[in-house]
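Enquirer: predicted coordinates and the sequence they were generated for:
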Amino acid sequence: QVQLVQSGAEVKKPGASVKVSCKASGYTFTSYHMHWVRQAPGQGLEWMGIINPSGGSTSYAQKFQGRVTMTRDTSTSTVYMELSSLRSEDTAVYYCARDRQQLGLSYGMDVWGQGTTVTVSS
Amino acid sequence: DIQMTQSPSSLSASVGDRVTITCQASKDISNYLNWYQQKPGKAPKLLIYDASNLETGVPSRFSGSGSGTDFTFTISSLQTEDIATYYCQQYDNLPLTFGGGTKVEIK
């Protein structure tokens, strides 16, 4: 079955970086774009950016430009999201989510990972 | 960025009731709107895409309508398993943006 499995919870100090992984299975990895969305405790959803696993091209929300890097490893069907210069406001659950359009973009997210909790605390 | 305003922020209804949630965009987004359901502690689930199209496997009691700046999401007959927070999301422009959410509870 189609699924996205994310890496485990992280605790980081302010100023550090975190790298979250998202391993895809059950479909052709390079045929679907992958989004990253985060959710602060008790808050709503915030889109961070998108990566095309086929060529590796990315588009980031302006808010995260310069701090976020999304990459992929086609040999393991895994995408990564690295966020640097962490601050307390980055404490959130981070989700990877597959775009629903095969070989294109719909900007709808039909398969989600289970989420990775990142806590930033001194 | 396009602002998405959902209302109400929360509601309480009885099983079997018709539930309606609205989502207003800060500019015309045509029909570039999705709706998601998020249950506590779980990832969101796509219910409606392109404002009115039901995602595969989603019960027909869920529906969406609207275009331009004003959109509606409806549960025709509320069930206990529908307890969740619902979000709209626009994709007319990057960055993708979500509404603030509507928490649906059982009365």
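Expert: That came through fine.
Enquirer: hey, what's residue B:84 bridged with?
Expert: Under DSSP bridges, the beta-bridge partners of residue B:84 are residue B:104.
Enquirer: isn't it up against residue B:41?
Expert: No: counting by CB atoms under 8 Å, residue B:84 stays clear of residue B:41, with 11.0 Å between them. (C-beta placed from N, C-alpha, C; glycine too.)
Enquirer: the more surrounded of the two?
Expert: A side-by-side neighbour count of residue B:84 and residue B:41, using other CB atoms under 10 Å in any protein chain shown, places residue B:84 first with 20 against 8.
Enquirer: so how far is residue A:16 from the residue nearest the centre of chain A?
Expert: What sits nearest the mean C-alpha location of chain A, by CA atoms, centre = their mean, is residue A:36, with 3.4 Å. From residue A:36 across to residue A:16, the span is 18 Å (CB to CB, to the nearest Å).
Enquirer: can you pull the residues of chain B lying near chain A?
Expert: Those residues of chain B that sit near chain A, judged by CB under 8 Å from any CB of the partner chain, are B:32, B:34, B:36, B:38, B:43-46, B:49-50, B:55, B:87, B:89, B:91, B:94-101.
Enquirer: got a pLDDT number for residue B:58?
Expert: Residue B:58 is assigned a predicted lDDT (pLDDT) of 98.
Enquirer: contact partners for it?
Expert: Listed by CB atoms under 8 Å, 6 or more residues apart in numbering or on different chains, the contact set of residue B:58 reads B:47, B:48.
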